[in-house]
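In: my questions are about this predicted structure, shown below with the sequence.
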Amino acid sequence: TSALSAYEEAIGPSSTSPIGNAEFIQAGGSNSIFDTVAIANASYQLSGGQLTAGTITSAGASFSQTGGSVSLTAGLILASAPGTAIYSISNGSSLICAGDAVVGQNGMGFFTQTDSLCNFGTGSLTLAANAGSFGSYTLSGNSQLYSGNQYIGAVGSASFTQSGGTNNLGDLNLGNPSAA
């Protein structure tokens, strides 16, 4: 079985190599990151095996999970910078997160869940966290979603579409309460 272990993992262009596209493909084995997996202007494809990390941050990037499992100890942030970030999970995959999840922090975030398990425990699920941001969550198929409180359109604009599956949550908060 293959294994990769590191303190942090950065996927995408860097200050020393600012041009180009990056793609990380994991079809099995384990990828154990103590702190953050930062995906910027790149893609991560997980079809098997396990990714364990503190946090996943994604800016101008996509994360496609068609198999395997993801376990996060701190959180998930899509669109941590302006741009578009996409996370799609399907085919019986699982995402277990011990912290909060933000879909659309400073840009446009899209999360699509089909026939899979996403468990944020008591952590909150926030769509569109900041002014000018957009967050979208689509729940379908035989999916299970667990979270603490859900904030749909916390500050920016958001959309939550459910055509299947089960949404198990604490409190549901629609829109920005301070805008009223």
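Out: Yep, it's here.
In: what's near enough to touch Gly104?
Out: For Gly104, the contacting residues are 78-79, 127-129, 133-136, 156, 158, by CB atoms under 8 Å, 6 or more residues apart in numbering. Placement of C-beta: from N, CA and C, glycine included.
In: how near is it to Gly92?
Out: Note on Gly104: its distance to Gly92, by CB to CB, to the nearest Å, is 26 Å.
In: ditto for Ser143
Out: Following CB to CB, the distance that separates Ser143 from Gly92 is 10 Å.
In: ok, now Thr52?
Out: Taking CB to CB, one finds Thr52 at 19 Å from Gly92.
In: with Leu127 instead?
Out: The value you get for Leu127 to Gly92, if CB to CB is used, is 25 Å.
In: among those two, which residue is more densely surrounded?
Out: Leu127 (27 against 14; other CB atoms under 10 Å).
In: please identify which helix or strand holds the residue lying closest to the more buried one once chain neighbours are set aside.
Out: Leaving out its chain neighbours, the residue that sits closest to Leu127 by CB to CB, 6 or more residues apart in numbering is Gly135, at 3.0 Å. Assigned by DSSP states H and E, Gly135 belongs to strand 134-140.
In: show residues contacting that strand.
Out: Looking at what lies outside strand 134-140 - CB under 8 Å, 6+ apart - the contacts are 78-79, 102-104, 107-115, 125-129, 145, 152-153, 156-165, 167.
In: following that strand in sequence, what is the next regular element?
Out: Following strand 134-140 in sequence, per DSSP H and E, is strand 144-146.
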